[in-house]
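Asker: pasting a predicted model and its sequence here:
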Amino acid sequence: MFILKKLNLITAKQIILALSLALCFQGLVLAEEKVGVEDRIIGSTFKTLAKAFVLAVDINKLKKNNINKLNKMSEEKFSKRYAKAYAIIKDLPPKLKESYGITEAMTKETAIRNTESLDKNKIYEIIDSIPDEVIAKQFKQYLSDVKEDIGKSSAVEQINKLWNKIIGKADVK
C-alpha cells in the first residue's frame, strides 16, 4: 500500500523523464549492437510507460469515456478509425488477436465489449504480450513522420512529446 501511495505521488512526467534518460544512456552504450537490442530497449521503455499509465489512471473512468465515444461514433467513422488502428494491431500475436476478436472487420459492438471486459490485470497482460518489434516499428514510424519537427531535439524530448500526445488523447492529466 505504501508503494502505491508513493507511486501516486510521482507524476507521469517524472516517470517519462527517468525512463527516457535510461533509454538514451542504454542507446549510447548499445549503439553498435544489433537492431534487435534497440527494439527491445524501445519496446521495454514503452511497456514500462504504459504500465505506469495504467497504474496511475482511473481505468473505469477511462473505459467509460472510451465506450461513450464509441457509442456516439457512426459506423462509418468507426470503420475508418478502426482501419487505421488495424494497420498497427494486425501485427499483434495471433493468440491476443483471437482472445479479443481482432479481425480486419471488427464491429463497433465487439470493440465496446472488449473495452467493457478490460481490467488492469488484463491490460498488463496485453501490454506484456505485444512484441517489442511491433512497438519499435511504430515508434520509428512516428519519428519518421515527424522528422521535420525533430530538428535537433533529443530522443528524450521526442519520447516526451509522444507520451504527452498519448496522455492528451486519453484525457488524462
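Answerer: Looks like it came in fine.

Asker: where does this structure have low pLDDT?
Answerer: For the chain, applying pLDDT under 70 flags the ranges 1-35, 148-156, 158, 167, 169-173.

Asker: if you set the cut-off to 90 instead, what comes out?
Answerer: 1-38, 84-93, 95-97, 99-102, 105, 129, 131, 134, 136-173 (pLDDT under 90).

Asker: what sits against the residue positioned nearest the centre of it?
Answerer: By CA atoms, centre = their mean, the mean C-alpha position of the chain lies nearest to residue 50, the distance being 5.6 Å. Residue 50 is in contact with residue 127, counting by CB atoms under 8 Å, 6 or more residues apart in numbering. No exception for glycine: its C-beta is placed from N, CA and C like everyone else's.

Asker: helix or strand: which one has it?
Answerer: Assigned by DSSP states H and E, residue 50 belongs to helix 35-56.

Asker: using CSV, write out every CA atom in that helix.
Answerer: Provided in CSV are the C-alpha atoms of helix 35-56 (Å, rounded to 0.1, in the frame of the first residue of the first chain):
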residue,chain,number,x,y,z
VAL,A,35,18.8,-3.7,-34.1
GLY,A,36,17.1,-6.3,-32.0
VAL,A,37,18.6,-4.8,-28.9
GLU,A,38,17.4,-1.4,-29.9
ASP,A,39,13.9,-2.8,-30.5
ARG,A,40,14.0,-4.4,-27.0
ILE,A,41,15.0,-1.2,-25.4
ILE,A,42,12.3,0.8,-27.2
GLY,A,43,9.7,-1.9,-26.5
SER,A,44,10.5,-2.3,-22.8
THR,A,45,10.6,1.5,-22.3
PHE,A,46,7.1,2.0,-23.8
LYS,A,47,5.8,-1.1,-22.0
THR,A,48,7.0,0.4,-18.7
LEU,A,49,5.5,3.8,-19.6
ALA,A,50,2.2,2.0,-20.5
LYS,A,51,2.1,0.1,-17.2
ALA,A,52,2.9,3.3,-15.2
PHE,A,53,0.0,4.9,-17.0
VAL,A,54,-2.4,2.0,-16.2
LEU,A,55,-1.3,2.2,-12.6
ALA,A,56,-1.9,5.9,-12.3
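
Asker: no more questions from me, cheers.
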